[in-house]
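Enquirer: Sequence and predicted structure, then a few things I'm wondering about:
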Amino acid sequence: MKTRKIRRRLMTLPPITITLTRYREPDWLVNEALDSLAAQEGVDGEVIFLDQNWDENFACAVAARSNERLTFKCIPCTERCLSYARNEGLRLAAHDLVLFTEPDILADPNWARALVTELTKGAAIAGSRIVPKWRGPKPLLSKSHVVRDQYSLFDLGEETVGVSGPVRAIFGLRLSAALQPLRFDERLGRRDGRLLGGEETDLCERVRRDGGAIVYCGKSVAYHQILPERLSLKWIYNRLYYAGVSRRSRGGAPAPSRKPGLWDWLLLPFILPPYAAGYLTSRSGQS
């Protein structure tokens, strides 16, 4: 009886659109991400793979993952910026609930279902618990909350709690929850290999101003594969520099997204200079 009740409850979840965008990530990494999406449990709908590095054979392999629950579609996408690609995903979405993931993310089988559950309860945006899968020695600077934010890690525990945002890079939204069309600001976000950001923060701020609820869902787990090239001091400094550029482009004074911890203060002499350089030398956020 209990099993039948669980199945009945799962069948009431609305269909969803999952979007995944590739810039120039390698096939093996994208394949692992797509396999994790094909293994999602308790959800129905479509997976839209927007490929900025189009290959006909790879597109066929993506479509072949379609199953009785999820239809996989591979669509060529102009190489502009991540925000543009995400907006294309929103434009093409067949369903009201849209989930975003990335090529270096392994989604837990319950990832989508947990997000959809929170969105159907009334949240406008629901963020996932994002934990690291280090592909090499973990850098000392990763003890800092600020640096972990640059890796898009987001771990507030296993429960669901309301947040003001941002929700990092892996999240879902409900299109009908907004007073105006939900779109990412295409002046923000990664482009041309530059590690710009800020588009999720900007989106959350606009949703919150319109009265939309934003939650963190600890039961929706995503594993961020942090590749060896992102473990170097050079990459971290480059990412912090562009974090400063992105903050300047959104306007206003810099402010931490959360209360600084002990390691933030201890590592401040290493963290602050590249961020400050990006903020102070940028005028338009496109440096």
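Expert: Cool, got the structure.

Enquirer: so residue 170 sits right up against residue 104, yeah?
Expert: No: taking contacts as CB atoms under 8 Å, residue 170 lies outside contact range of residue 104: 10.3 Å. In this view, the C-beta of every residue, glycine as well, is placed from N, C-alpha and C.

Enquirer: How many neighbouring residues does residue 145 have?
Expert: When neighbours are counted by other CB atoms under 10 Å, residue 145 registers 18.

Enquirer: can you tell me which residues contact it?
Expert: Listed by CB atoms under 8 Å, 6 or more residues apart in numbering, the contact set of residue 145 reads 256, 258, 260-261, 263-264.

Enquirer: now the residues you listed: which count as buried?
Expert: Among those, the ones that count as buried by 16 or more other CB atoms under 10 Å are 263-264.

Enquirer: circling back: tell me the residues that contact both of residue 170 and residue 104, please.
Expert: With CB under 8 Å, 6+ apart as the test, residue 170 and residue 104 both reach residue 224.

Enquirer: Those two - which one has more neighbours?
Expert: residue 170 (25 against 20).

Enquirer: For residue 210, see how far away the more buried one is.
Expert: According to CB to CB, to the nearest Å, residue 170 stands 22 Å off from residue 210.

Enquirer: and the end-to-end length of stretch 169-183?
Expert: Using CA to CA, to the nearest Å, the end-to-end distance of stretch 169-183 comes to 15 Å.

Enquirer: got a list of contacts for that stretch?
Expert: 16, 87, 90, 93, 96-102, 105, 107, 112, 115-116, 118-119, 122-128, 130, 152, 154, 200, 203, 207, 210, 212, 222, 224.

Enquirer: swap the cut-off to 7 Å and go again
Expert: 87, 90, 96-102, 105, 115-116, 119, 124-128, 130, 152, 200, 203, 207, 210, 212, 222 (CB atoms under 7 Å, 6 or more residues apart in numbering).

Enquirer: And the buried ones among those residues, selectable in ChimeraX?
Expert: In ChimeraX syntax, the buried subset of those is picked out as below (16+ other CB under 10 Å):
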select :87,90,96,97,98,99,100,101,102,105,115,116,119,124,125,126,127,128,130,152,200,203,207,212,222
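
Enquirer: So which of the contacts of stretch 169-183 belong to strands?
Expert: 97-101, 105, 125-128, 130, 222 (DSSP state E).

Enquirer: Distance to residue 278 added to the residues you listed, as TSV?
Expert: Compiled in TSV, the ones in strands among the contacts of stretch 169-183 are given as follows (distance: CB to CB, whole Å):
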residue	distance to residue 278
97	35
98	30
99	30
100	25
101	27
105	25
125	26
126	30
127	25
128	27
130	23
222	27
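
Enquirer: can you count the residues close to residue 23?
Expert: 19.

Enquirer: In the protein, spot the helix with the most residues.
Expert: Secondary structure assigned by DSSP state H gives helix 233-250 as the longest helix of the chain.
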